[in-house]
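1. okay, here's the prediction I keep looking at, along with the sequence it came from:
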Number of protein chains: 2
Amino acid sequence: MTGMFLVDADTLAARVTAALRAAGASAESTAATTEALMHASRTGIDSHGVRLAAHYATMLRHGRLNPDPALTVRRTAAATAVLDADDGLGHYACDRAMDLAIDMASEAGLGAVGILRSSHCGAAGAYALKAAEAGMIGIVTSNSDANVAPFAGAVPFHGTNPIAMAAPVVGQQPWLLDLATSSIPFNRVRLYRSLDRPLPAGVAADAQGRATTDAHAAEMLLPLGGLDYGFKGAGLAGLVTILSAVLTGATTDPHMIPMTETDDRGTARNVGQFCLAIDPARFVGKPAYDAAMAGYLGRLRQVPPTPGGGPVMAPGDREWETARRRAGDGIPIDPDTRRFLGL
Amino acid sequence: MTGMFLVDADTLAARVTAALRAAGASAESTAATTEALMHASRTGIDSHGVRLAAHYATMLRHGRLNPDPALTVRRTAAATAVLDADDGLGHYACDRAMDLAIDMASEAGLGAVGILRSSHCGAAGAYALKAAEAGMIGIVTSNSDANVAPFAGAVPFHGTNPIAMAAPVVGQQPWLLDLATSSIPFNRVRLYRSLDRPLPAGVAADAQGRATTDAHAAEMLLPLGGLDYGFKGAGLAGLVTILSAVLTGATTDPHMIPMTETDDRGTARNVGQFCLAIDPARFVGKPAYDAAMAGYLGRLRQVPPTPGGGPVMAPGDREWETARRRAGDGIPIDPDTRRFLGL
């Protein structure tokens, strides 16, 4: 990546920690946020990695984010709880919520925590991964501010609303899915504008909601599935909104203050998240699960590739390969982030 | 629909019941299966409706399906259970599994039942709907035999693996999502072959895994998201396989005997399903949930449509409108099914 500066993970994590602490974030908020940002930067999800530290620092300084939130947890049943994130960094809330979901699942077989009064949580996969590292299947959703048109609609309505799931694989890194329910993020539109390149078909729409490949004309995203099958992506975005916000008391996507495209840096956004842990020991049992998962993934990775394509990979394979490479080479940092972190 | 015969729902249900009973299915299996098939036929999901009764009758007669299964349930924790479907009709297993998930969720906040030794369950949404009718959010997944290529892969690997979710809406029919993780079902390919029409781009591939719009050359489906973003649909298909089969002890998709494209009608297929119920009363509380859901859906349905498009609908809106229309007009039945049911 031209213009990128390579930094080792320890140095980078220390600088992110220092920057968040300097912006006022509590030690606990900072630790969880740094861990989540480093997960994304290690695995190549740079859009959700350490580059976001500068954004969070701004929002901590302007009052949108509570630098020292007091998380409050209400246990409501054997397998359920609600976590009020007190307008702090979403990473801290999701980290603690998944810990609790795992604890509940170890007793009840399942555990789910609904989070309200939260904020952007970075890569949702970071928290699903915590469950997998504890031997469980983790599922995480987060809603976000509106920038995706509903199917056949002409204004942004849903957020890019990610669905993440991680599942343990014995002796290997977890299976790790982390996908937005739009085809691309809006940042991709901005990148294509700056490159003056056409967008792929069916991923974005103009101000009237008409599909366009002109990045300069694109005003909103289209849901996964594009013009023909976008009702599926829109339905999945709704699934995320219902679990993350309708169920938790968070603000639904079309009412949410934008993360970036606003001058309002002082009002909390009440983002919602949903964290679910599932214990395989309470289903087929851990040994049988482990054998089935290894067999399933082994067979998937052996699927012959299309002519000129492949190899066929499982969700997470590309990310873990990037993590291995970056562990040796360092993590690439863009110039703005390098300046912000004083590197 | 040209060539279609219209039948009122009560007559149709009675004929489906009689046909399944005549093929040996127990009264309980038959009742659950008829209910699920009628749900699909009422709401316009004709591919998963009463036309399947003839297929099930054949499989009951040839031994693939156990006509009088003894379901066994193993409760494993406060929120979890495993249901062995004893190779019976999948509808019966899913119906009972969701009942149990709802019961567990009313105590523990969540309930999940993993089903193994099951079979095709029709429209997964039928069981998610049971949860919504009980005031809960229901999520159902089912794996199926391989006919979708993995992203960049050249042989079928995953099934069309549906994800269904239903959520209660006070005073209205539930929000109801029921989608395959491929863009289209393989039946659509067969239909386009018979019509000699080209397929949409990015939904199917030839024998080498190359995308094709030639229905005659199409040998497998591509995952939702097509050539550019099919890694998302493939990841969702994997999510379904992991929850439905890896977690439950069912057979994974690439090892599963085909539902239809086989001469083997005597061997059970060990399909897997996963049924989850979530009680909103244990999160934000039912009154706040109801208000948020009504507000969210109201705003979605008011989104201005694209030029010449729209109206913007929520998942299920089209299906409930079809159900209203068919309640008056009758349910359309294709000629083969009409003959099979003696109508």
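-> Here it is on my side, so go on. No experiment lies behind these values; they were computed from the predicted model shown.

2. low pLDDT regions in the stretch 1-150 of chain A?
-> A:1-2 (pLDDT under 70).

3. those residues of it touching chain B, which are they?
-> Those residues of the stretch 1-150 of chain A that sit near chain B, judged by CB under 8 Å from any CB of the partner chain, are A:76-80, A:82, A:107-112, A:114, A:116, A:137, A:149-150. In this view, the C-beta of every residue, glycine as well, is placed from N, C-alpha and C.

4. if we go to 6 Å?
-> For the stretch 1-150 of chain A, the residues in contact with chain B (CB under 6 Å from any CB of the partner chain) are A:76-80, A:82, A:108-110, A:112, A:114, A:150.

5. who wins for neighbours among those?
-> Greatest neighbour count in the residues of the stretch 1-150 of chain A next to chain B, by other CB atoms under 10 Å in any protein chain shown, goes to residue A:79: 33 neighbours.

6. which residues touch the helix or strand containing residue A:34?
-> In the assignment (DSSP states H and E), residue A:34 maps to helix A:27-43. Helix A:27-43 has contacts (CB atoms under 6 Å, 6 or more residues apart in numbering or on different chains) with A:13, A:16-17, A:20-21, A:48-50, A:88-89, A:91-92, A:95, A:122-123, A:126, A:319, A:322-323, A:326, A:331.

7. can we see that at 7 Å?
-> Helix A:27-43 is touched from outside by A:9, A:12-13, A:16-17, A:20-21, A:25, A:48-50, A:52-53, A:56, A:69, A:88-89, A:91-92, A:95, A:122-123, A:126, A:129, A:319-320, A:322-323, A:326, A:331, with contacts defined as CB atoms under 7 Å, 6 or more residues apart in numbering or on different chains.

8. if any of those residues are buried, give me the PyMOL selection for them.
-> Written as a PyMOL command, the selection of buried residues from those, which uses 16 or more other CB atoms under 10 Å in any protein chain shown, is:
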select buried, chain A and resi 12+13+16+17+20+21+25+48+49+50+52+53+56+69+88+89+91+92+95+122+123+126+129+319+320+322+323+326+331
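
9. quick one, strands of chain A?
-> For chain A, strands defined by DSSP state E occupy the ranges A:5-7, A:72-77, A:80-84, A:110-118, A:137-142, A:163-167, A:175-179, A:204-205, A:220-221, A:271-278, A:331-333.

10. what is the fifth one packed up against?
-> What that stands for is strand A:137-142. helix A:125-133, strand A:163-167, strand A:271-278 (3 or more CB pairs under 7 Å, 6 or more residues apart in numbering or on different chains; DSSP states H and E).

11. does residue A:203 touch residue A:186 like I think?
-> No: using CB atoms under 7 Å, residue A:203 makes no contact with residue A:186, being 10.5 Å away.

12. spit out the residues that contact these two alike.
-> Shared contacts of residue A:203 and residue A:186, defined by CB under 7 Å, 6+ apart, are found at residue A:221.

13. for the two, indicate the residue with more neighbours.
-> Comparing residue A:203 with residue A:186 by other CB under 10 Å, the one with more neighbours is residue A:203, at 25 against 22.

14. the domain parsing of chain A - what is it?
-> A:69-283, A:286-318 (automatic domain parsing).

15. on that earlier part again, out of the helices and strands packed on strand A:137-142, deepest packed?
-> Neighbour counts (mean count of other CB atoms under 10 Å in any protein chain shown) averaged over each of these peak at strand A:271-278, with a mean of 31.

16. in its sheet, what does that strand sit against?
-> strand A:110-118 (antiparallel), strand A:137-142 (antiparallel) (DSSP bridges).

17. which residues touch the residue of the stretch 101-250 of chain A found nearest chain B?
-> Closest residue of the stretch 101-250 of chain A to chain B, CB to the nearest CB: residue A:109 (2.9 Å). Residue A:109 makes contact with A:279, A:282, B:76-80 under the criterion CB under 7 Å, 6+ apart.

18. ok, now with 10 Å
-> When contacts are counted by CB atoms under 10 Å, 6 or more residues apart in numbering or on different chains, residue A:109 touches A:78-79, A:136, A:277-283, B:75-81, B:104, B:108, B:110-112.

19. right, and residue A:119 touches residue A:269 too?
-> Yes: Residue A:119 is within contact range of residue A:269, at 5.9 Å (criterion: CB atoms under 10 Å).

20. okay, and the common contacts of the two?
-> A:59, A:64-65, A:87, A:90, A:259.

21. from these, which two are the most distant?
-> A:87 and A:259 (14.1 Å; CB to CB).

22. need phi/psi at the residue of the stretch 101-250 of chain A closest to chain B.
-> Backbone torsions of residue A:109, given as degrees, to the nearest 10, read phi 90, psi -40.

23. roughly how far does it sit from residue B:227?
-> Going from residue A:109 to residue B:227 by CB to CB, to the nearest Å gives 40 Å.

24. also residue A:19?
-> In terms of CB to CB, residue A:19 sits 40 Å off from residue B:227.

25. residue A:22: how many residues sit nearby?
-> Residues lying near residue A:22 (other CB under 10 Å) number 12.

26. ditto for residue A:3
-> Around residue A:3 there are 8 residues (other CB under 10 Å).

27. that one is in contact with residue A:337, isn't it?
-> No: Residue A:3 is not in contact with residue A:337 according to CB under 10 Å; the separation is 11.6 Å.

28. still on that earlier bit, of all the domains of chain A, which one comes closest to residue B:300?
-> domain A:69-283 (6.1 Å).

29. how long is the closest one from one end to the other?
-> With CA to CA, to the nearest Å as the measure, domain A:69-283 spans 37 Å from end to end.

30. try stretch A:114-124
-> Stretch A:114-124 has its terminal residues 14 Å apart, counting by CA to CA.

31. what comes up buried for that stretch?
-> Counting neighbours by 16+ other CB under 10 Å, stretch A:114-124 gives A:114-124 as buried.

32. ditto for stretch A:311-331
-> In stretch A:311-331, counting by 16+ other CB under 10 Å, buried: A:312-317, A:319-320, A:322-323, A:326, A:330-331.

33. how about CSV for those residues, with distance to chain B and pLDDT added?
-> As requested, those are exported to CSV (distance: CB to the nearest CB, whole Å; pLDDT from 0 to 100):
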residue, distance to chain B, pLDDT
A:312, 4, 97
A:313, 8, 97
A:314, 7, 98
A:315, 4, 98
A:316, 9, 98
A:317, 11, 98
A:319, 12, 98
A:320, 15, 98
A:322, 15, 98
A:323, 18, 98
A:326, 21, 98
A:330, 27, 98
A:331, 23, 98
